[in-house]
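K.L.:
no sequence for this one, just the structure:
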């Protein structure tokens, strides 16, 4: 098992067409073994609530089984946002699924959109190269459900390094996102410092998404109709 940790992150998004648009935000995330949830003082718990690890594991293992992968009961490392005063929005949650020998069997990238939808992409692990998967889920109203993602997601050690690139069907890259940062112990002192520097961060995540969408709309990008999706 791995003790719960915090990651002070830098999040970057870059769009290259039809208009150039980029932004960078600082935030934080939790890095948690599903079998070892954080144990925090009572006064910090309302600012760091995670869903029950057993329930999350059941969902992840069912997703793996649907993709023909035996979970093998190994530990699952999760990168996610926690609820703050009862609210959370997770654009991306990543699960590194290990076997009993400690090797990564699969990586699950769980994507949420602002319409309440969720989709889980399952990719084969590779620390050196990118994994590719077809885009099958509506996220941005400015991007069609088409093309392929290229994902680089090595297991975090002392640093987190995630990178996602979206290519159009013709192979042209038009969007890239990354999340990087230093991994820290999730002790009360560190968590309190993070909460003070990033107050109500879960609300700010949603507000930033809306704000960047308004900026793109103001620059003339057409809003695409939302397709029906069942995950």
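P.N.:
In hand now; what should we look at? Because the structure is a prediction, the values reported are computed rather than measured. Numbers count the residues shown, from 1 in each chain.
K.L.:
and the strands in the chain?
P.N.:
5-15, 21-33, 76-80, 92-98, 104-112, 118-123, 131-134, 148-152, 159-167, 173-185 (DSSP state E).
K.L.:
closest one to residue 39 among those?
P.N.:
Set against residue 39 and scored by C-beta to C-beta, the strands of the chain come closest in strand 21-33, at 11.4 Å. All C-beta spots, glycine's among them, are computed from the backbone N, C-alpha and C.
K.L.:
what's the angle between the closest one and strand 5-15?
P.N.:
Angle, strand 21-33 to strand 5-15, by axes from the mean of the first three to the mean of the last three C-alpha atoms, to 10 degrees: 160 degrees.
K.L.:
ok, and the closest non-adjacent residue to the residue most central in space within the chain?
P.N.:
The centroid of the chain falls nearest to residue 92 when counting by C-alpha atoms, centre = their mean (2.3 Å). Distances taken as C-beta to C-beta, 6 or more residues apart in numbering place residue 111 nearest to residue 92, at 5.9 Å, with adjacent residues excluded.
K.L.:
surely the one you found and residue 135 touch.
P.N.:
No. Counting by C-beta atoms under 8 Å, residue 111 does not reach residue 135; the two are 9.7 Å apart.
K.L.:
identify the contacts common to these two.
P.N.:
Residues touching both residue 111 and residue 135 by C-beta atoms under 8 Å, 6 or more residues apart in numbering: none at all.
K.L.:
and the top helix by length along the chain, what's buried?
P.N.:
In the chain, with assignment by DSSP state H, the single longest helix is helix 201-218. Under the neighbour-count criterion of 16 or more other C-beta atoms under 10 Å, helix 201-218 has 201-202, 204-205, 208-209, 212-213, 216 buried.
K.L.:
and it, what other elements does it pack with?
P.N.:
strand 21-33 (3 or more C-beta pairs under 8 Å, 6 or more residues apart in numbering; DSSP states H and E).
K.L.:
can you state the direction angle for the strand it packs on and strand 173-185?
P.N.:
Here strand 21-33 runs at an angle of 40 degrees relative to strand 173-185 (the same axes, to 10 degrees).
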